[in-house]
Structures are given as structure tokens and as C-alpha cells.
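>>> no FASTA, just this:
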């Protein structure tokens with residue numbers, strides 16, 4: 001299983017808002033404007049298959065309202081496609097000032113494309129991010145993935161479950 005963790009102070013991780021804060025990167029409503037808390041690392045050695053990205057985030061107040069505080073996404077830099085995304089709201093955090101892991105699963109189709117794992121902060125609550133982690137999902141909900149290819153917005157995946165081989169095709173539309 002492949003696993004890679006990036007510190008948020010590494011040069012391959014970019015920032016449009018916030019600052020280095022101990023072991024992570026934070027932004028607050030007094031000093032910072034809305035924007036990308038993190039983007040990058042522009043990794044292009046991710047084999048085809050199922051992957052999961054982990055964002056450990058914390059917030060100062062999780063009970064004031066249920067506003068959106070961040071948007072996380074896996075982004076194909078070459079095609080400008082969002083591969084997967086998730087909105088995060090205040091009340092998804094269980095306790096203030098305690099990290100919670102937010103995971104995002106996606107399927108990598110183009111192994112030579114540069115990928116970004118971006119964190120957009122809406123500017124309405126203190127938020128801190130510890131690091132960024134990518135790991136392979138050796139077995140997907142489909143079973144073991146053998147091959148994936150991309151053909152003009154249509155994806156095709158070959159996989160095996162127990163003793164059966166399958167082919168799954170779908171059209172990808174970016175609705176974000």
C-alpha cells in the first residue's frame with residue numbers, strides 16, 4: 001500500500017491565506033481573507049486506481065451555526081477537473097480545537113497527470129490543518145482494480161471481485 005504525508009511547510013504545498021502555526025497551517029477571521037488554505041503538491045506519480053486523501057482539520061467553535069467553513073477537493077491540474085470534493089460545515093467537528101480527519105476518496109484515471117489536493121477556506125471561522133496524506137486503497141468497493149482508462153470524458157475500469165471479472169464505464173461531468 002502506498003502512503004505519503006506532506007507537512008504544510010513543504011515547498012510543494014502552496015497557500016493563498018493563513019500562516020504556519022506550530023505543526024500545521026491556520027487562518028482566522030481577524031487576520032485572513034477567504035481563499036486557498038492549501039493547494040498542491042502537483043504529484044504526478046499516482047498509479048491508476050482508488051485513492052484516499054486525508055485532511056486533519058480543527059475549528060475553534062463547532063456549535064455556533066452550521067455554516068460551510070471549508071471545501072476540500074482532489075483536482076486534476078492537467079484537465080482542470082475536480083475528481084472529488086466535499087463541503088465541510090462547523091457541526092461536523094465534534095469538539096473545538098481538536099483535529100478531526102476528513103477523508104475524500106477518488107479514482108485516479110490518468111497516472112501521468114499532476115494532482116492537487118486543495119483546501120478552500122470560506123473565511124468565517126478559525127481553522128487549522130495539520131498535514132495532508134494520500135494513501136492507496138488497494139481494494140475498492142469494486143474489488144481489485146486492474147486497469148482504468150479515459151476516453152473523451154468516458155471512464156472505463158476493469159476490476160475483479162472474488163472469481164468474477166467486471167468492466168464498469170461511466171461518463172464524468174464536472175458539476176461543481
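Cool, got the structure. For clarity, every value in this text was computed on a predicted model and none was experimentally measured.
>>> neighbouring strands of the longest strand that the chain contains in the sheet, and parallel or not?
Longest strand of the chain, by residue count under DSSP state E: strand 49-59. Strand 49-59 pairs in its sheet with strand 100-108 (antiparallel), strand 127-129 (antiparallel), strand 131-136 (antiparallel), by DSSP bridges.
>>> residue 128 pairs with what?
Beta bridges link residue 128 to residue 26, residue 58 when assigned by DSSP bridges.
>>> now do residue 101
Applying DSSP bridges to residue 101 gives these bridge partners: residue 56.
>>> any weak-confidence spans in the protein?
Residue ranges of the chain with pLDDT under 70: 138-176.
>>> contacting residues for residue 128?
When contacts are counted by CB atoms under 8 Å, 6 or more residues apart in numbering, residue 128 touches 21, 24-26, 57-59. Using the backbone N, CA and C atoms, a C-beta is placed for each residue, glycine as well.
>>> one more time with 7 Å, if that's ok
Counting by CB atoms under 7 Å, 6 or more residues apart in numbering, residue 128 makes contact with 21, 24, 26, 57-58.
>>> now the two most distant members of those residues.
Across those, no pair lies farther apart than 21 and 57, at 12.6 Å, counting by CB to CB.
>>> so which of these two has more stuff around it?
A direct count of neighbours by other CB atoms under 10 Å for residue 21 and residue 57 places residue 57 higher, at 22 against 14.
>>> shouldn't that one be in contact with residue 98?
No - counting by CB atoms under 7 Å, residue 57 does not reach residue 98; the two are 10.1 Å apart.
>>> hmm, back to that, would you reformat the contacts of residue 128 as CSV and include distance to residue 110?
Listed next are the contacts of residue 128 as CSV, based on distance: CB to CB, whole Å:
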residue, distance to residue 110
21, 34
24, 30
26, 33
57, 28
58, 33
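>>> with respect to residue 86, which of these is nearest?
residue 57 (11.3 Å).
>>> and residue 117, what helix or strand is that in?
Take DSSP states H and E as the rule and residue 117 turns out to sit in strand 115-121.
>>> which strands and helices sit next to that strand?
Secondary-structure packing of strand 115-121 (3 or more CB pairs under 7 Å, 6 or more residues apart in numbering; DSSP states H and E): strand 35-38, strand 68-76.
>>> tell me how many other residues crowd residue 100.
15.
>>> with residue 112 instead?
8.
>>> my guess is residue 1 meets residue 52, correct?
No - if you go by CB under 7 Å, residue 1 and residue 52 don't touch, sitting 10.6 Å apart.
>>> more neighbours, the two?
Set residue 1 next to residue 52 and count neighbours by other CB under 10 Å: residue 52 wins out with 16 against 6.
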